[in-house]
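Visitor: Show me the folded form of this:
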Amino acid sequence: MSLVGRRVSRLFSLFPQSLADHHSPSHRRRISLSNASLLSIVAAGSVATALIASPAFAVPGSVGLGSASSYAVVAGSAITNTGPSVITGDLGLDPGSAVTGFPPGTITGATNVSNGGSLAAQGDVTTAFNDAAGRSSTLSITADLAGNTLTSGVYSAASSMALSGALTLNGQGNPDAVFIFQAGSTLTTASGSSVVLENGAQACHVFWEVGSSATIGTTTSFVGTVLALTSISLLTGATVQGRMLARNGAVTLDTNTITVPTCDTPTSTTTESSTIPTGPPATGFGGAAPHGSSFLRNLTISAAAISVMSALAAVALHRRQTRRALHLVAESRGH
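Guide: Reported below is the predicted structural model:
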């Protein structure tokens, strides 16, 4: 039974069961006060329902990459590789011309250097960078990202942003959940760090806007598209499910794997069902989750609404029964 329902039942238990006592003026006053209290509780339940219906934050829209979406690597001055790196996607450099280390590195897509394709890609990287940087923050980050579980939102740090362990991104069953990280200066991950996706979160909807340079540490398992103002360095053995896009500086690789992510979307023949998230709730660095699962929120709203409607019906029925009982007692006393 809901909290509103329990309070209604408790108030009803205060009402006398004997019709013989209903003629007492003091008891009539008690009935009036009890009903007034009951209506106050019902009204409070209605207000609570209205508050539950409004999520704390809206889900941000994705960041458009335009022609840069097919690129695994874009740089502004140079691209340097050491070891057998594997780039699954396009590679672009503009306005520089120095691309070294391929082979031993391999590129499965196109290589565009100071041509129309690289110019267009670099222009779209700039547009995407400005878009991500201009988003309103959901939560300010003042500590290391490691050990946290975050839901869709925009997370900002005034200066540097660090990751020294595992960061979990919880999509809450929504394949369109978007995660945007804004670092005022640098982004640095420690060796062995990781970004973990759960409950429908997708790499194609994770973006890291970096105000200066990004360093992805040794053997880090990284997820998302990095949009860096200056340079990006991937240390030995780091893997990326995303993109490394630098506006003005170089991208440096060392035995890395970078794979351009694709978004999985439900097909029209797939029957979708509501799923309650099984992972831990968003910690928000000690705070509440930016917003709850839409399924859980709607379920809570429905339950609260039913409780309030039931309480209102019970109040009306009890009032009618009480007035009828008082009328019968008055008639019997008159006779």
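Visitor: Test my guess that L229 contacts N130.
Guide: No. Here L229 does not reach N130: they are 10.4 Å apart, not a contact under C-beta atoms under 8 Å. Any C-beta I mention is one placed from the backbone N, CA and C, and that applies to glycine too.
Visitor: So between these two, which is more surrounded?
Guide: Remark: of L229 and N130, L229 carries more neighbours, 20 against 12, as counted by other C-beta atoms under 10 Å.
Visitor: any idea how far S185 is from that one?
Guide: Relative to S185, L229 is positioned 9 Å away (C-beta to C-beta, to the nearest Å).
Visitor: List the residues that contact G249.
Guide: Each residue near G249 by C-beta atoms under 8 Å, 6 or more residues apart in numbering is listed here: A75, G76, S77, S213, A228, T230, S231, I232.
Visitor: what residues are up against the fourth one?
Guide: When you say that, I think you mean S213. Contacts for S213 (C-beta under 8 Å, 6+ apart) come out as T186, L187, A228, L229, T230, S231, I232, S233, G249.
Visitor: What of the third one?
Guide: S77 makes contact with G96, A98, S231, N248, G249, A250, according to C-beta under 8 Å, 6+ apart.
Visitor: for the last one, same thing?
Guide: Taking C-beta under 8 Å, 6+ apart, we find I232 in contact with 75, 213-216, 226, 244-246, 249-252.
Visitor: what's the pLDDT at it?
Guide: Note for I232: predicted pLDDT of 98.
Visitor: Residues in a beta bridge with it, which ones?
Guide: Beta-bridge partners recorded for I232 (DSSP bridges): A214, V251.
Visitor: how much space is there between it and A110?
Guide: Distance from I232 to A110, by C-beta to C-beta: 20 Å.
Visitor: Please produce a PyMOL select command covering the buried subset of the contacts of S77.
Guide: In PyMOL syntax, the buried subset of the contacts of S77 is picked out as below (16 or more other C-beta atoms under 10 Å):
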select buried, resi 96+231+248+249+250
